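Peer 1: got a structure for you, letters missing:
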């Protein structure tokens with residue numbers, strides 16, 4: 001079963017593949033039994049989430065260098081910044097989630113692309129609410145290709 005979910009506040013849409021035959025707000029059923037929806041674990045494992053934006057051409061066609069990424073999020077534990085490029089490269093950078101609601105991650109200095117996507121992951125399954133990702137982008141003065 002494929003479920004399509006829409007956040008009514010932001011209009012964001014996500015798609016999830018489920019191994020259930022039927023589902024209600026509190027229960028789900030499959031050939032293996034009836035399951036209660038909810039909780040902090042999935043088969044005794046923490047629930048790891050990942051949120052990634054779409055690729056964007058940042059400002060101009062010049063290659064970009066990422067200086068710093070700030071994340072407005074509430075939560076605890078360890079977070080992971082995700083940076084994806086059009087060339088298929090995906091880079092992940094661990095950082096501590098601060099209780100002030102503002103965290104920052106320092107990406108690697110070798111990323112040189114003009115189409116980039118950014119995201120967040122909770123590798124230990126900690127609860128979080130992500131409000132904003134702000135990217136400090138520096139562009140090359142001469143390099144376009």
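Peer 2: That came through fine. Quick caveat: nothing in here was measured; it's all calculated off a predicted structure.
Peer 1: residues touching the residue of the chain most remote from its centre, list them.
Peer 2: Residue farthest from the centre of the chain, counting by CA atoms, centre = their mean, is residue 31 at 32.0 Å. Contact partners of residue 31, counting by CB atoms under 8 Å, 6 or more residues apart in numbering, are residue 21. Placement of C-beta: from N, CA and C, glycine included.
Peer 1: ok, it to residue 22 distance?
Peer 2: Plainly put, residue 31 is 11 Å away from residue 22 if you go by CB to CB, to the nearest Å.
Peer 1: cool, residue 10 as well?
Peer 2: Applying CB to CB to residue 10 and residue 22 gives a distance of 28 Å.
Peer 1: Hmm, residue 69 and residue 136 touching each other?
Peer 2: Yes. Counting by CB atoms under 8 Å, residue 136 touches residue 69, with 7.0 Å between them.
Peer 1: what about residue 10 and residue 22, which has more around it?
Peer 2: residue 22 (10 against 7; other CB atoms under 10 Å).
Peer 1: And the pLDDT at that one?
Peer 2: For residue 22, the model assigns a pLDDT of 85.
Peer 1: Any regions of the protein where pLDDT drops low?
Peer 2: 1, 59, 140-145 (pLDDT under 70).
Peer 1: Got the domain ranges for it?
Peer 2: Each domain of the chain is listed here as a residue range: 2-38, 50-139, per automatic domain parsing.
Peer 1: Tell me which of the ones you listed sits nearest to residue 44.
Peer 2: domain 50-139 (11.2 Å; CB to CB).
Peer 1: how far does that closest one stretch from start to finish?
Peer 2: Criterion CA to CA, to the nearest Å; first-to-last residue distance in domain 50-139 is 27 Å.
Peer 1: same question, stretch 100-120
Peer 2: By CA to CA, the extent of stretch 100-120 from end to end equals 17 Å.
Peer 1: Show me what counts as buried in that stretch.
Peer 2: Buried residues in stretch 100-120, counted by 16 or more other CB atoms under 10 Å: 103, 105, 107, 111, 113, 114, 116, 118, 119, 120.
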